[in-house]
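Enquirer: Below are the sequence and a predicted model for it; my questions follow.
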Amino acid sequence: MDPAAVVVQALVTGAGAGLGGTASAAVTDGYGALKHVLARRLAGRHAALAQLEAIEDGSAGGTDGLIRELVVAGAVDEQLLADARHLLALADPEGAGSGRT
């Protein structure tokens with residue numbers, strides 16, 4: 001899976017767990033940290049920031065635009081990818097271990 005897609009999947013998973021009230025403190029903290037880093041890296045990219053907020057609101061229709069923005073901005077590095085994978089593992093240990101990420 002494309003690194004930007006993994007990051008967006010982690011955002012959607014973390015936000016969904018938070019909206020559903022099922023998130024542990026580690027998931028909530030990991031999601032908040034990932035979102036904060038992305039918001040800084042996407043500063044000035046208003047469409048991308050709006051998509052980032054829409055994920056948290058649960059109103060994101062699709063994620064392709066945000067994935068594209070992450071790629072164009074060069075926002076995903078190895079550390080961010082590792083953080084995203086860690087968040088996925090925390091939020092869905094069975095999924096992360098089964099190769100879905």
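Expert: Perfect, thanks for sending it.

Enquirer: What are the contacting residues of the helix or strand encompassing Ala50?
Expert: Assigning secondary structure by DSSP states H and E places Ala50 in helix 46-57. Surrounding helix 46-57, the residues in contact under the criterion C-beta atoms under 8 Å, 6 or more residues apart in numbering are 8, 11-12, 15, 18, 35, 38-39, 42-43, 60-61, 63, 65-66, 69-70, 73. Bear in mind the C-beta positions are built from the backbone N, C-alpha and C, glycine included.

Enquirer: In helices, which of those appear?
Expert: Among the contacts of helix 46-57, the members falling in helices (DSSP state H) are 8, 11-12, 15, 18, 35, 38-39, 65-66, 69-70, 73.

Enquirer: Could you single out the nearest of these to Leu90?
Expert: Of all the ones in helices among the contacts of helix 46-57, Gly18 has the smallest distance to Leu90: 12.2 Å, by C-beta to C-beta.

Enquirer: if we can go back for a sec, give me the distance between the helix holding Ala50 and the centre of its chain.
Expert: The gap between where helix 46-57 is centred and where its chain is centred comes out at 11 Å by C-alpha atoms, centre = their mean, to the nearest Å.

Enquirer: residue contacts, Gln15?
Expert: Not Gln; residue 15 is Ala. 31, 55-56, 58.

Enquirer: Also Ala26?
Expert: For Ala26, the contact set (C-beta under 8 Å, 6+ apart) comprises Leu90.

Enquirer: element containing it, please.
Expert: Counting by DSSP H and E, the secondary-structure element that holds Ala26 is helix 25-41.

Enquirer: Could you pull out the buried residues of that helix?
Expert: 27, 30-31, 34-35, 37-38, 41 (16 or more other C-beta atoms under 10 Å).

Enquirer: Check the offset of that helix from the chain's centre.
Expert: The answer for helix 25-41 is 8 Å, by C-alpha atoms, centre = their mean.
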